[in-house]
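Peer 1: Quick check, what structure comes out for this input:
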Amino acid sequence: MAILTTSTVKTEQATADAVPSRPRRKLAPRAFYWFVWPAVIAFALFHTLPVTIGIFFSFTNYAGYGTWDFVGIANYINIFRDDRVLRAYGFSFLFAIVATVITNAISLAIAMGLNAKIKARNFWRGVYFVPYILAVLVVGYVFQFLFSNSLPKILSGIPLFRDNILTSPEWAWTAVVALAVWQACAFSIIIYLAGLQTIPADIYEAASIDGATAARQFRSITFPLISAFFTINVVLSLKGFLQVFDPIIALTNGGPGTSTESVTMLIFRGGFSGGEFAYQTANAVIFFIVITIVSLLQFRVLQRREADF
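Peer 2: Residues are numbered from 1 along each chain as shown. This next block holds a predicted model:
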C-alpha cells in the first residue's frame with residue numbers, strides 16, 4: 001500500500017512537471033512607456049490644452065487681443081439669436097445632406113462597376129482614387145476657372161451656365177457641391193470596394209439560377225451585406241461635409257455675399273480676423289456638440305437598419 005502511494009505521488013509529480021506552468025504576467029518594459037508618454041504629452045499640449053483654453057474663453061468677451069471679462073453664457077445665448085450664424089448652419093446642413101447623398105450614390109455605382117469583371121480594373125481603381133490625394137485648393141482653382149470661363153462658353157445655350165454660376169447667390173452652392181463630391185467619391189469608392197469584395201460570388205450565382213434580376217440581387221444581397229460599409233461612408237461623409245471649408249475658399253470665398261458661408265468659415269473669419277474670438281469659440285463648441293449628436297444618431301439609426309437585414 002505504501003509502495004502504491006509513493007508511486008502515485010511520483011506519477012502526479014512527473015505529470016505536474018510535464019505540464020507547463022502558466023507564465024506570470026509581466027509589466028510592460030520601460031521602453032514601452034518611453035514611446036507612449038511623448039505621444040500622450042504631445043496630444044495633451046496640442047489638442048486637449050487648446051480645447052480647454054478655448055472653452056474657458058467662450059465664457060468671456062475676449063476679442064483675441066487686449067483684456068477680457070467673464071460674460072457667462074451670454075455668447076451661447078447670442079448665437080441662437082444671430083441670423084448670420086443660423087444661415088451658416090442652414091447652409092452647412094443643406095450642403096452636407098445633398099453632398100452625402102450624391103457622393104454615396106455615385107461611389108456605390110462606380111464601386112459596383114469596378115468590382116465587376118472589367119478589363120484593367122486595378123488601373124481604373126487608381127484613376128478614381130487620384131482626386132483624394134490632390135490638394136483641394138489647387139483643384140478648387142481649376143474648378144473655379146471651369147465654372148467662370150469654360151462652362152459659360154461651352155454651355156452658352158443653357159440659361160443657368162450662360163453666366164458665371166459662382167456669382168449666383170441661388171446656385172453658387174451647387175458648384176461647391178460638385179467640387180466636394182468629385183473629391184470625396186475617391187475615398188468612398190475604396191470603402192465600398194472593400195465591402196463588395198467580402199461578398200462570395202456563389203451567392204450571386206445561386207440567385208441568378210433562381211431567376212433573380214440585377215435589381216433584386218442588389219436589394220436582397222448586395223446592399224444588406226455591405227450595410228456596415230454604407231454606415232461608415234454615410235457617417236464619415238456627413239461629418240466631413242458639415243465641416244466644409246477648403247472648397248468654399250477656393251471657389252466662392254463664402255460669396256456672393258454670405259450665400260455660401262459655412263459654419264467653419266464663419267468661425268474662421270469671425271474668430272481670427274473679426275475680433276470675435278470668444279464668440280466664435282462658443283460657436284465652435286456648439287458646432288462640435290451638434291456634429292457629435294448627429295453622428296451618434298446616424299450610427300444608432302443605421303446600425304439598427306443593419307440588424308433588420
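Peer 1: what ranges of this protein fall below the confidence cut-off?
Peer 2: 1-28, 117-121, 306-309 (pLDDT under 70).
Peer 1: make it 50
Peer 2: 1-4, 16 (pLDDT under 50).
Peer 1: sec struct for the residue nearest to T252 when sequence neighbours are not counted, please.
Peer 2: Excluding the flanking residues, the one nearest T252 by C-beta to C-beta, 6 or more residues apart in numbering is T260, at 4.6 Å. Every C-beta, even on glycine, is put in place using the N, C-alpha and C of the backbone. At T260 the chain is in coil, as set by DSSP: H, G, I helix; E, B strand; the rest coil.
Peer 1: Check the gap between T260 and K239 for me.
Peer 2: 20 Å (C-beta to C-beta, to the nearest Å).
Peer 1: Have a look at those two and say which one is more surrounded.
Peer 2: T260 (25 against 16; other C-beta atoms under 10 Å).
Peer 1: what residues are up against the more buried one?
Peer 2: Counting by C-beta atoms under 8 Å, 6 or more residues apart in numbering, T260 touches 91, 172-173, 176, 248, 251-252, 254.
Peer 1: Redo the residues you listed as TSV? Include secondary structure, neighbour count and distance to S273.
Peer 2: Listed next are these as TSV, based on DSSP: H, G, I helix; E, B strand; the rest coil; neighbours: other C-beta atoms under 10 Å; distance: C-beta to C-beta, whole Å:
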residue	secondary structure	neighbour count	distance to S273
F91	helix	23	20
A172	helix	22	22
W173	helix	23	23
V176	helix	24	21
I248	helix	25	16
L251	helix	25	20
T252	coil	25	18
G254	coil	20	13
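Peer 1: Nearest to S107, out of those residues: which one, please.
Peer 2: V176 (18.3 Å; C-beta to C-beta).
Peer 1: helices or strands next to the helix or strand harbouring N283 in the packing?
Peer 2: According to DSSP states H and E, N283 maps onto helix 277-308. With contacts defined as 3 or more C-beta pairs under 8 Å, 6 or more residues apart in numbering; DSSP states H and E, helix 277-308 has these neighbours: helix 49-57, helix 74-79, helix 227-242, helix 263-268.
Peer 1: Among the ones you listed, which comes closest to G66?
Peer 2: helix 49-57 (12.6 Å).
Peer 1: That closest one - contacts with which helices or strands?
Peer 2: Partner elements for helix 49-57 (3+ C-beta pairs under 8 Å, 6+ apart): helix 277-308.
Peer 1: Next, the buried residues of the helix it packs on.
Peer 2: 277-287, 291, 294, 298, 302 (16 or more other C-beta atoms under 10 Å).
Peer 1: Kindly report the same for stretch 84-98.
Peer 2: For stretch 84-98, a neighbour-count test (16+ other C-beta under 10 Å) marks 85, 88-89, 91-93, 95-96, 98 as buried.
Peer 1: And the contacts of it?
Peer 2: Taking C-beta under 8 Å, 6+ apart as the rule, stretch 84-98 contacts 79-80, 173, 176-177, 180, 238, 241-242, 244, 258-266, 283, 290.
Peer 1: Export that stretch to PDB, keeping only CA atoms.
Peer 2: What follows is stretch 84-98, C-alpha atoms only, in PDB (Å, rounded to 0.1, in the frame of the first residue of the first chain):
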ATOM      1  CA  ARG A  84     -25.900  85.100 -39.800                       C
ATOM      2  CA  VAL A  85     -25.000  82.100 -37.600                       C
ATOM      3  CA  LEU A  86     -28.300  80.400 -38.300                       C
ATOM      4  CA  ARG A  87     -28.000  80.900 -42.000                       C
ATOM      5  CA  ALA A  88     -24.500  79.400 -41.800                       C
ATOM      6  CA  TYR A  89     -25.900  76.300 -40.000                       C
ATOM      7  CA  GLY A  90     -28.700  76.100 -42.600                       C
ATOM      8  CA  PHE A  91     -26.300  76.200 -45.500                       C
ATOM      9  CA  SER A  92     -23.900  73.700 -43.900                       C
ATOM     10  CA  PHE A  93     -26.700  71.100 -43.300                       C
ATOM     11  CA  LEU A  94     -28.200  71.600 -46.700                       C
ATOM     12  CA  PHE A  95     -24.800  71.200 -48.300                       C
ATOM     13  CA  ALA A  96     -23.800  68.200 -46.200                       C
ATOM     14  CA  ILE A  97     -27.100  66.300 -46.900                       C
ATOM     15  CA  VAL A  98     -27.100  66.900 -50.600                       C
END
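Peer 1: All set, thanks.
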